[in-house]
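>>> Fold the following.
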Amino acid sequence: MKNQLLFEKYPLFVMEIGRDETDFDSVDAICDYLHERIEAHRCAHFIAVFDHYAHTCRLPEGQIDSDILAAKNIIFCFGLALPCPEALAVRPRSIGVAETTNGFMISFMETPMPIANTAMEDWAESLRRGQANDDRPNGH
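Model prediction:
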């Protein structure tokens, strides 16, 4: 995974996977796998899958980069602590899954909780061929 700043302010983890580097053949298959990983994690709670591509296509002013073929967010929450009401502004979490002309791009915003970053990194890295590990204790 690479760390980068989006629009010079949002810290992201980003991973590109070539089609020849994964056994997954679609955004839906990747979201299904990530849903399983979220459900298996002792602290994570699955909320929904949002079809960002379909939503943007329906908007009269919607614009999508021509390199993007499909794009969904899998939405969930770790919810280990709620230290202040303002923490709700950055929750729940999501992992973006995009299919591009070159393969897939997985991205998510860095969290202040190392356990969440580690889990999301592990889930993303396990998308690479031969890396899937469905029997990890506590989901990470």
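
>>> got the contact list for the longest helix belonging to the chain?
Using DSSP state H to define each element, the chain has its longest helix at helix 27-40. Outside helix 27-40, the residues that touch it by C-beta atoms under 8 Å, 6 or more residues apart in numbering are 24, 44-46, 49, 70-72, 74, 76, 95, 97-99, 104, 106, 119, 123, 126-127, 132, 134, 136, 139. The C-beta positions use only the backbone N, C-alpha and C, and glycine is treated the same way.

>>> What subset of the residues you listed is buried?
24, 44, 46, 49, 70-72, 74, 76, 95, 97-99, 104, 106, 119, 123, 126-127, 139 (16 or more other C-beta atoms under 10 Å).

>>> Next step: those residues restricted to strands.
46, 49, 70-72, 74, 76, 95, 97-99, 104, 106 (DSSP state E).

>>> could those residues be laid out in TSV, adding distance to residue 5 and pLDDT?
Below are those laid out as TSV (distance: C-beta to C-beta, whole Å; pLDDT from 0 to 100):
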residue	distance to residue 5	pLDDT
46	28	98
49	26	98
70	25	98
71	20	98
72	23	98
74	22	98
76	23	97
95	18	98
97	21	98
98	18	98
99	24	98
104	21	98
106	17	98
